[in-house]
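Enquirer: dropping a prediction and its sequence here:
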Amino acid sequence: LRSVARMPAAHSILLLSLTLSQALAFSVHATGLKAGSFSALRAPAASSVLPRSSQSSVHLRPWGLRQPPVHRTRPGPLMTSLSGGGGDCTAVFVYVSCKPGTEEGFKAASLDNAKNSVQEEGIARFDCVQNVDDPSKFVLVEVYKNADAPGKHKETAHYAAWRDAVADMMAEPRAAVKYRNCFPATAADWDVTPALAGGGADGEKADLVAVHVFVECKEGTEEAFRAASLLNAQNSVKEPGIARFDVLQDLENPRKFCLVEVYRNPDAPAEHKKTEHYNTWRETVADMMAVDRKALKYTNNFPAADANWRMASL
């Protein structure tokens with residue numbers, strides 16, 4: 001400090017700034033704090049990829065799946081390295097319950113909207129699936145590449161036409177849940193095929209089964225669950241009977257995940273459960289479950305063709 005006192009004022013300030021930065025870095029390293037762990041002090045609430053104007057008609061929770069608000073922090077080093085980047089996209093699951101007798105009308109309007117939506121620059125996917133056990137219930141899986149994309153989508157003519165067409169078909173207000181992508185990690189592997197994104201025909205319908213598996217982990221097990229699920233997904237997409245195997249993490253409650261498993265035939269789920277990677281995953285995460293896993297089965301409406309579900313890198 002005596003040496004600092006003899007320096008010109010500008011040099012002294014620079015040296016002290018560097019010294020304080022080094023001290024802070026050592027403190028963070030010594031205490032084991034992750035990079036980005038201070039961001040909760042200034043990070044905005046993770047409430048809104050959907051524009052504020054749309055929130056009056058869209059309830060941000062599906063039936064009965066209420067989740068308490070949590071403080072969000074940016075992903076730490078472990079989360080980023082495990083995902084190969086991750087978080088490039090935001091997947092919005094829009095839950096719809098139609099009035100009896102309106103299912104076909106809703107499906108037709110939604111298919112037209114989806115075919116146009118995947119041509120938008122900010123949209124990677126716009127899947128439309130229908131509940132196997134209750135055909136009056138649909139899920140629109142809207143995968144956005146950036147924070148501006150949902151707002152721009154709602155400015156399009158095809159969205160406005162869909163919104164007006166289905167308004168009187170709703171048995172209850174639509175609900176939405178937002179997720180960050182864990183696997184696939186990059187937007188490129190979420191994109192529909194260039195042909196579909198360019199307005200081309202979807203192709204002949206394949207009878208796929210999409211299983212949405214909902215998981216809630218015990219506090220403190222999120223990273224371990226995520227790591228085990230990424231390894232399982234990376235191996236599962238190589239199975240001949242699997243078209244997709246996505247891993248998503250709830251933006252409001254990081255203890256909650258959704259696994260989107262898309263199977264090509266009725267035998268594929270059973271074959272999947274015989275694999276070494278599935279059984280390793282099951283045993284690894286068994287003690288991490290806060291509640292029993294829940295699964296809902298859907299049939300694919302859009303995309304129709306098998307080829308339009310596959311990851312680009314496969």
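Expert: Ah, there it is. Only a predicted model underlies this, so the values are computations on that prediction, with no experimental measurement involved.

Enquirer: output the lowest mean pLDDT helix or strand found in this structure.
Expert: Averaged element by element with mean pLDDT, DSSP states H and E, the chain has its least confident helix or strand at helix 77-83 (a mean of 31).

Enquirer: what's downstream of it, the next helix or strand?
Expert: From helix 77-83 onward toward the C-terminus, using DSSP states H and E, the following helix or strand is strand 90-97.

Enquirer: in PDB, list the C-alpha atoms belonging to that following strand.
Expert: Taking C-alpha atoms only, strand 90-97 is exported to PDB below (Å, rounded to 0.1, in the frame of the first residue of the first chain):
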ATOM      1  CA  THR A  90     -37.800 -22.000 -24.900                       C
ATOM      2  CA  ALA A  91     -40.500 -24.700 -25.200                       C
ATOM      3  CA  VAL A  92     -44.000 -23.500 -24.400                       C
ATOM      4  CA  PHE A  93     -46.600 -26.300 -23.800                       C
ATOM      5  CA  VAL A  94     -50.000 -24.800 -24.400                       C
ATOM      6  CA  TYR A  95     -52.800 -27.100 -23.000                       C
ATOM      7  CA  VAL A  96     -56.200 -26.900 -24.600                       C
ATOM      8  CA  SER A  97     -59.500 -28.500 -23.600                       C
END
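
Enquirer: how far off strand 90-97 does the next helix or strand after it point, in degrees?
Expert: Secondary structure here is assigned by DSSP H and E; on that basis, the next helix or strand after strand 90-97 toward the C-terminus is helix 103-117. What separates the directions of helix 103-117 and strand 90-97 is an angle of 160 degrees, with axes from the mean of the first three to the mean of the last three C-alpha atoms, to 10 degrees.

Enquirer: who does the next helix or strand after helix 103-117 pair up with?
Expert: Counting by DSSP H and E, the element after helix 103-117 in chain order, helix or strand, is strand 123-131. Each strand pairing with strand 123-131, determined using DSSP bridges, is listed with its direction: strand 137-144 (antiparallel), strand 294-302 (antiparallel).

Enquirer: what about stretch 150-158, start to end distance?
Expert: 13 Å (C-alpha to C-alpha, to the nearest Å).

Enquirer: hmm, back to that, format the strands paired with strand 123-131 as CSV; extra columns: distance to Thr186.
Expert: Yep, even glycine has a C-beta here, placed from its N, CA and C like the rest. Converted to CSV, the strands paired with strand 123-131 look like this (distance: least, C-beta to C-beta, whole Å):
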stretch, distance to Thr186
strand 137-144, 12
strand 294-302, 22
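
Enquirer: out of those, which is the most enclosed?
Expert: Of the strands paired with strand 123-131, the one with the most neighbours on average (mean count of other C-beta atoms under 10 Å) is strand 137-144, at a mean of 23.

Enquirer: what residues does that one touch?
Expert: By C-beta atoms under 8 Å, 6 or more residues apart in numbering, the residues outside strand 137-144 that reach it are 49, 89-98, 106-107, 110, 114, 117, 122-131, 150, 153, 181, 190, 212, 260, 298, 301.

Enquirer: if you set the cut-off to 7 Å instead, what comes out?
Expert: Strand 137-144 is contacted from outside by 49, 89-97, 106, 110, 122-131, 150, 190, 298, using C-beta atoms under 7 Å, 6 or more residues apart in numbering.

Enquirer: one step back: mind putting the strands paired with strand 123-131 into a markdown table with mean pLDDT and distance to Glu172?
Expert: Putting those into a markdown table (pLDDT from 0 to 100; distance: least, C-beta to C-beta, whole Å) gives the following:
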| stretch | mean pLDDT | distance to Glu172 |
| --- | --- | --- |
| strand 137-144 | 98 | 10 |
| strand 294-302 | 97 | 17 |
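
Enquirer: which among those is found nearest to Ala206?
Expert: strand 294-302 (7.2 Å; C-beta to C-beta).
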